[in-house]
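A.B. asks: please find the sequence and the predicted model below.
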Amino acid sequence: MRRLNYDLKGNIKKFWNSTPERNAHLGLSGEAEFLLARYKNLIGDKVPVRGKTVIDFGHGGGLLGRYLLAECEVKKYVGYDIAERSNRVASENLREFDNKELILLQEHRWDFAAHRPGVIVCLACIFHFPTKLYLDNFLKTCEESGARYLVLEIRDRGHGTKFQPEPYSAESFALRPRTCLTCDTTADYVAGKLPSYELTEKTEINPKNGCQILWFRRG
């Protein structure tokens, strides 16, 4: 891997604060109905979230939070995001709900267990993680969280987006409008980092973008 000789953390924040709204899943570009249908299919119909605290890692505009709070009767919604813009938009989208907490990411280590979560969700986010260490820290935090269920979306290493740079390369962090951070992995790698969980279900790998949804249940 080429050494990154600039402010990685600052550039990542800058990217997500300035990338087009649709890329940041802010729900301001006509995608709200699509995302809500996706959340129902991937979470509402598969994971028992009622009465539970749900962590949403990479909350974007908070549309998953709105779905969970308005339709699923969750106990509390806790959203994490790295972009100040996402926190502002999510705060506005969720202004009518009191049982929420939005956290601006500062470091590469977190304490999910402190929230006593029942479910952890991370959609359209893991494949934008900046380094393998970041991914490993995230999975370790999930393992130690005590959450009963995990819903994670990855991009399979062998089926990544055709025009993306190699995983973890310096080119992944160029601040060009159409460039996303790239972190490819595999379902087996993720499962191996979550020994307390059973991989109960996974989708087929999407041939267009290499993405795959994984459902875990604590054993």
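C.D. replies: Arrived safely, thanks for sending.
A.B. asks: for the helix-or-strand element of the chain with minimal mean pLDDT, which residues meet the burial criterion?
C.D. replies: Ranked by mean pLDDT, DSSP states H and E, the weakest helix or strand in the chain is helix 8-18, scoring a mean of 77. By neighbour count with 16 or more other Cβ atoms under 10 Å, helix 8-18 contains the buried residues Asn11, Ile12, Lys13, Phe15, Trp16. C-betas here are computed from N, CA, C, even on glycine.
A.B. asks: quickly find the element holding Glu153.
C.D. replies: In this assignment (DSSP states H and E), Glu153 forms part of strand 149-155.
A.B. asks: what comes up buried for the helix or strand just after that strand?
C.D. replies: Remark: after strand 149-155, the chain's next helix or strand is helix 187-192, criterion DSSP H and E. Neighbour-count burial for helix 187-192, counted by 16+ other Cβ under 10 Å, picks out Ala187, Tyr189, Val190, Ala191.
A.B. asks: got the CA coordinates for helix 187-192 in PDB?
C.D. replies: Taking Å, rounded to 0.1, in the frame of the first residue of the first chain, the C-alpha atoms of helix 187-192 are listed here in PDB:
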ATOM      1  CA  ALA A 187     -18.400 -12.600   3.900                       C
ATOM      2  CA  ASP A 188     -16.000 -15.200   5.200                       C
ATOM      3  CA  TYR A 189     -13.500 -12.500   6.400                       C
ATOM      4  CA  VAL A 190     -16.300 -10.600   8.200                       C
ATOM      5  CA  ALA A 191     -17.700 -13.800   9.800                       C
ATOM      6  CA  GLY A 192     -14.200 -14.700  11.000                       C
END
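A.B. asks: what average pLDDT does that helix get?
C.D. replies: The pLDDT scores in helix 187-192 average 94.
A.B. asks: check which helices and strands that helix sits against.
C.D. replies: Packing contacts for helix 187-192, counted by 3 or more Cβ pairs under 8 Å, 6 or more residues apart in numbering; DSSP states H and E, involve strand 149-155, strand 197-202, strand 211-218.
A.B. asks: which of the buried residues of helix 187-192 sits closest to His59?
C.D. replies: Proximity of the buried residues of helix 187-192 to His59 (Cβ to Cβ) peaks at Val190, which lies at 20.4 Å.
A.B. asks: list the contacts for the closest one?
C.D. replies: Leu139, Leu152, Ile154, Leu214 (Cβ atoms under 8 Å, 6 or more residues apart in numbering).
A.B. asks: do the same with Arg50
C.D. replies: Contacts of Arg50 (Cβ under 8 Å, 6+ apart): Cys72, Glu73, Val74.
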